[in-house]
Structure formats: structure tokens, C-alpha cells
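The following comprises the amino acid sequence and a computationally predicted model.
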Amino acid sequence: NVVLSTNWREIWNEPMYVSDENNGIHKAHKLFNKYNIQIIGTTPVLGAREDEILKTIEKLKIDKYVVIDDMELHIANFVQTNKKIGLTKTDYEKALSILNS
């Protein structure tokens, strides 16, 4: 399951973005659907990404999680991706290791 903290969270389900095949949101929806990844919520907009994530973890009572972002975050269970490349196999393996620990 996924909780979105991306800047896209406020427009994630907007039809104009979801239906535009050239849009990153459309591509993300398609990829998530292909792999049956469920979006279970979004973080609130509080200003500091770490605070948004921690509030959501507390609210949803999540005990096992990994935070994946291309921004540098100072938070536990974090995997930083390269914004030019995206999620790599190494990132995936690190995230999986966090979840399995």
C-alpha cells in the first residue's frame, strides 16, 4: 500500500491529469494499476514533508513503512532516489530490506 506525499497528492485523481497520456500522473496511475499498488491515502499539506509523513504514520497507525523520495529527508526508514533516474533496483532492494527488518 502507498500513501502519497508527492506534490501531486492534491491533483492525484483529477480527471484532466489522469486521462492525459503525456502526464506523469497518468503514467503513475497506469504503473500502479499494472502492479496492483493501492493508494490508501495522502499526507496533509503542512509545509515540512517530514512532519506530513510522521502525522500520517501516526494517524493511520502504520508500524512498518519505508519513505521513498528524491528530496533529502531527515526521517527514519528513508530511501533517497535520484530525480534524474527514478527508483532503481538498488533503491528497491534497500526499501524491501527496511520493510523486512
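Structure's in. What do you need? Numbers count the residues shown, from 1 in each chain.

What are the phi and psi values at K94?
When quoted as degrees, to the nearest 10, the phi and psi of K94 stand at phi -70, psi -40.

what kind of secondary structure is the residue lying closest to it once chain neighbours are set aside in?
In space, and not counting its chain neighbours, K94 is closest to V79: 5.0 Å by CB to CB, 6 or more residues apart in numbering. For the C-beta atoms, the positions are set from N, CA and C on the backbone; glycine is no exception. Under DSSP: H, G, I helix; E, B strand; the rest coil, V79 falls in the strand class.

can you tell me which residues contact V79?
Residues near V79 by CB atoms under 8 Å, 6 or more residues apart in numbering: 66-69, 91, 94-95, 98.

Show me those that map onto helices.
91, 94-95, 98 (DSSP state H).

Top of those residues by number of neighbours, please.
A95 (19 neighbours; other CB atoms under 10 Å).

Could you find the closest non-adjacent residue to it?
Here the residue nearest A95, using CB to CB, 6+ apart, is V66, at 4.4 Å.

ok, now how distant is the one you found from I11?
24 Å (CB to CB, to the nearest Å).
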